[in-house]
Structure formats: C-alpha cells, structure tokens
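Colleague: I would like to see how this sequence folds:
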Amino acid sequence: MKKIPVIILAGFLGSGKTTTLNHILRSSNGKKIGVIVNDFGEVNIDSLLVSRQTDNTMELSGGCICCQMNDGGLDEILATFSHPNSKIDAIVIEASGIAEPIDLRKLILYSSNKSISMNGVVYIVDAKNIIDNLKNHPKINNHIAAADIIVLNKIDLVDKNDLASIKSTINKINPNSIIIQTKEGRLNPGLLFDIDLNTSKPEQLSLAVGTEHSKHDHLHDNFDSISFSSKKPLSPKKFNHFIETLPSNVYRLKGIIYYGMKGFEQKIIIHKVGSHISQSAEEWQNDETPMSNLVAIGVDIKKQDILNKLKGCIDKEPENISPEDMVDIMRLRGL
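Modeller: Alright, predicted model coming up:
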C-alpha cells in the first residue's frame with residue numbers, strides 16, 4: 001500500500017517558513033506536493049502567498065493547528081490528499097509560528113489514516129533573532145529539541161562569530177539534529193523527501209509533556225492576532241507612519257498591501273519581524289481582486305487600537321499621487 005510522506009515545517013514567527021516552502025515548491029522537480037497551511041490569524045496570509053506556487057493547497061485558519069484537531073480538520077485534509085487514487089507524492093504541513101511541533105508529530109504518528117507516514121519535523125530558525133527569541137520565549141527550546149532537521153535561515157544577516165555561537169547553542173539544545181544553513185529559505189527539497197523516520201514510534205516521544213493537549217502550557221497561549229482586510233486602497237504615507245509607530249509588543253506583521261494609485265497598481269508583500277522589514281512588489285493575477293490583507297501577531301496587543309490605526313490608513317483619494325508618496329512607497333519596498 002502506498003504511503004505518502006508527511007513533513008512538518010515549523011518555526012517561530014518570522015523565521016522564513018513560507019519563503020522556504022515556496023522555494024521547495026518551485027524546486028520540487030515535478031514532485032506533486034500537497035500543502036496544508038496553518039496561520040494564527042483569521043486571514044490566512046501564508047496560504048495566499050503559497051497558493052501561487054501550487055494548486056494543491058488547503059488551509060486551517062484562525063488559530064494554532066494543534067488546537068483544532070478535536071474538530072477533525074487535519075484528518076479531513078490529509079484524507080483529501082491521501083485517497084487511493086491520489087497523485088500526491090508528499091505532504092508538507094506549514095504550521096503557524098507558534099504551533100507545537102511535538103503535538104503535530106504525535107497527531108501524524110497516531111493518525112488513523114493508514115495512507116500517510118511521518119517523515120520528519122523540519123524547524124526553521126531565524127539566525128538573526130534566535131538568541132533574543134530564546135530569551136523571550138523559552139518554549140522555543142522544546143521546539144528545537146523536537147526537530148529532525150534544523151534549518152538555520154538568514155545566515156547572511158549575522159557575522160561568522162555569531163553564527164558559530166548560534167550553531168553551538170542549537171547543538172546543545174538538540175545534539176541529534178542535522179543543521180542546514182540557508183539564505184532566503186533556499187533549502188534543497190531532496191533533503192526533505194529523503195528523510196526516512198518511519199521507524200519512529202509514539203513511545204519514543206520522550207519530550208512530550210503528558211499525553212493530552214489540554215495539559216500543555218502552549219507558547220501560543222500568550223499571543224494575540226489581529227486581521228485586517230480592505231478593498232479600498234491604503235495611503236503610503238499613513239501606512240508608513242503606522243509601521244514606524246507600531247508598538248514593540250507587535251512581534252510580527254505580514255500580508256499584502258494595495259495602494260491603488262495610478263502608476264503604482266502593483267501589490268506589495270510585506271514581512272515585518274521585530275524592527276526588520278522586508279517587502280517586494282508583484283503584479284496582480286487576473287483572477288485576483290486587488291485588496292489589502294494584513295495580520296499582526298504579538299503579546300498583549302491592544303487589538304482595537306491597532307485595527308483603528310489600520311483603518312485610518314485607508315486612502316480616500318488614491319488617485320492623487322505625489323512625489324512624496326512615491327518616496328514613502330520606495331522606502332517601504334526597501335529600495
């Protein structure tokens with residue numbers, strides 16, 4: 001009986017999971033990969049960014065994937081990808097930035113679906129921010145310890161001495177894992193699909209605390225998310241001010257921005273992690289409705305305050321473009 005390998009792609013907020021996944025999909029050499037994308041916000045931004053690479057994308061939104069399993073959501077999606085006539089070669093689960101890799105591994109190992117096999121946990125680490133992340137969110141230690149492969153991403157943003165220290169820290173947390181260094185998530189897909197961990201047994205999960213999800217103190221228990229959508233274009237000047245004055249407890253901002261001004265109809269894809277902002281411009285596809293979709297994630301967020309500020313970014317006169325507006329756009333794009 002054909003068994004479809006399932007790979008769990010995890011990592012803390014802003015580590016580069018979606019970028020890595022998109023690279024895997026572009027470099028899969030004809031393999032048909034089913035993708036399950038879980039995002040913490042009500043608007044699944046990651047799914048929007050991944051769906052451009054494959055038609056085989058399904059999503060679980062509005063919370064952590066390991067907290068939705070009583071509803072049978074994951075099993076239902078896995079069954080869709082792994083039926084007897086399926087042409088899928090592998091399944092990748094991109095977990096939210098605050099999901100528990102241990103729980104996800106257990107869900108696959110204990111699944112009643114006989115057509116799938118657990119093929120490993122790949123954990124993405126943001127080299128630039130990992131030391132601060134470990135200090136501020138100690139449970140990331142458990143996440144790293146649960147990984148079979150650790151992808152040390154964004155190595156181009158740290159110097160050699162710091163990189164050596166980071167690798168040493170990771171090795172102390174998980175001495176048995178492979179560490180792969182990458183820039184911009186450029187991971188060789190063959191490293192994932194060649195992992196064979198089918199001999200893993202549920203009783204080997206010694207890192208699991210207890211046997212029931214409800215007994216776990218989860219990292220995501222402290223996090224909140226805000227989702228914002230608007231078909232009305234945003235003002236570059238107002239949005240730039242919003243970014244510059246964003247509270248420090250908003251750890252992550254990601255999504256798509258629509259300005260809608262003459263001469264600049266492109267969509268802007270934004271990723272903000274701490275003080276670092278990465279943005280790029282793309283053309284809208286024929287089947288896409290131009291609109292902004294943003295998700296902010298942080299601790300003790302004043303949701304309504306931030307939502308009101310985002311609503312205040314809506315441009316009432318988007319066609320009135322000025323050189324000053326263009327300066328703000330170029331700065332936001334990182335050009």
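Colleague: hey, where'd the strands end up in the chain?
Modeller: Using DSSP state E, the strands of the chain run over 4-11, 33-38, 57-60, 90-94, 116-126, 149-153, 178-181, 223-230, 250-258, 267-273, 276-282, 292-299.
Colleague: Neighbours of the closest residue to residue 84 other than its chain neighbours, how many?
Modeller: In space, and not counting its chain neighbours, residue 84 is closest to residue 115: 7.6 Å by CB to CB, 6 or more residues apart in numbering. Glycine gets a C-beta too; all of them are placed from N, C-alpha and C. Residue 115 has 17 neighbouring residues, counting by other CB atoms under 10 Å.
Colleague: One more: residue 179?
Modeller: 15.
Colleague: Relative to residue 227, how far out is it?
Modeller: For residue 179, the distance to residue 227 equals 34 Å [CB to CB, to the nearest Å].
Colleague: from what I can see the residue nearest to residue 84 touches residue 85, true?
Modeller: No - contact criterion CB atoms under 8 Å: residue 115 and residue 85 do not qualify, at 11.0 Å.
Colleague: picking up where we left off before, and the residue nearest to residue 84, its phi and psi?
Modeller: Main-chain dihedrals, residue 115, degrees, to the nearest 10: phi -100, psi 0.
Colleague: Same check on residue 98?
Modeller: According to degrees, to the nearest 10, residue 98 has phi -130, psi 20.
Colleague: From residue 272, how far out is the closest residue to residue 270 other than its chain neighbours?
Modeller: Among residues not flanking residue 270 along the chain, residue 279 sits closest, at 4.8 Å (CB to CB, 6+ apart). Residue 279 is 9 Å from residue 272, where distance means CB to CB.
Colleague: what does residue 100 give?
Modeller: From residue 100 over to residue 272 the distance is 24 Å, taken as CB to CB.
Colleague: With residue 251 instead?
Modeller: Distance, residue 251 to residue 272, using CB to CB: 9 Å.
Colleague: neighbour-wise, which of those two wins?
Modeller: With neighbours defined as other CB under 10 Å, residue 251 and residue 272 compare such that residue 251 has more, 23 against 20.
Colleague: isn't that one right next to residue 295, touching?
Modeller: No - using CB under 8 Å, residue 251 is not in contact with residue 295; the gap is 11.7 Å.
Colleague: Tally up the residues packed near residue 142, please.
Modeller: For residue 142, the count of nearby residues is 17 (other CB under 10 Å).
Colleague: and if you look at the one 10 residues further on?
Modeller: Other residues near residue 152 come to 21 when the count uses other CB under 10 Å.
Colleague: Show me what residue 225 bridges to in the sheet.
Modeller: For residue 225, the beta-bridge partners under DSSP bridges are residue 297.
Colleague: measure it to residue 21 for me?
Modeller: As judged by CB to CB, residue 225 and residue 21 stand 20 Å apart.
Colleague: Looking only at neighbour counts, state which of those two leads.
Modeller: Using other CB under 10 Å as the criterion, residue 225 and residue 21 rank with residue 21 on top: 28 against 21.
Colleague: Alpha carbons of whichever helix in the chain runs longest, as PDB, please.
Modeller: For the chain, the helix with the greatest residue count under DSSP state H is helix 160-173. Only the C-alpha atoms of helix 160-173 are listed here, as PDB (Å, rounded to 0.1, in the frame of the first residue of the first chain):
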ATOM      1  CA  LYS A 160      30.700  34.400  11.300                       C
ATOM      2  CA  ASN A 161      31.500  34.500  15.000                       C
ATOM      3  CA  ASP A 162      27.800  35.000  15.900                       C
ATOM      4  CA  LEU A 163      26.900  32.200  13.500                       C
ATOM      5  CA  ALA A 164      29.300  29.800  15.200                       C
ATOM      6  CA  SER A 165      27.900  30.700  18.600                       C
ATOM      7  CA  ILE A 166      24.300  30.200  17.400                       C
ATOM      8  CA  LYS A 167      25.200  26.800  16.000                       C
ATOM      9  CA  SER A 168      26.700  25.800  19.300                       C
ATOM     10  CA  THR A 169      23.600  26.900  21.200                       C
ATOM     11  CA  ILE A 170      21.400  24.900  18.900                       C
ATOM     12  CA  ASN A 171      23.600  21.800  19.200                       C
ATOM     13  CA  LYS A 172      23.300  22.000  23.000                       C
ATOM     14  CA  ILE A 173      19.500  22.100  22.700                       C
END
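Colleague: List of residues touching that helix?
Modeller: For helix 160-173, the external contacting residues (CB atoms under 8 Å, 6 or more residues apart in numbering) are 125, 127, 130-131, 134, 141, 144-145, 150, 152, 155, 158, 177, 179, 181.
Colleague: try it again with 10 Å
Modeller: Residues outside helix 160-173 that contact it (CB atoms under 10 Å, 6 or more residues apart in numbering) are 123, 125, 127-128, 130-131, 134, 140-145, 147, 150, 152, 155-159, 177, 179, 181.
Colleague: okay, residue 179: pLDDT?
Modeller: Reported pLDDT at residue 179 in the predicted model: 88.
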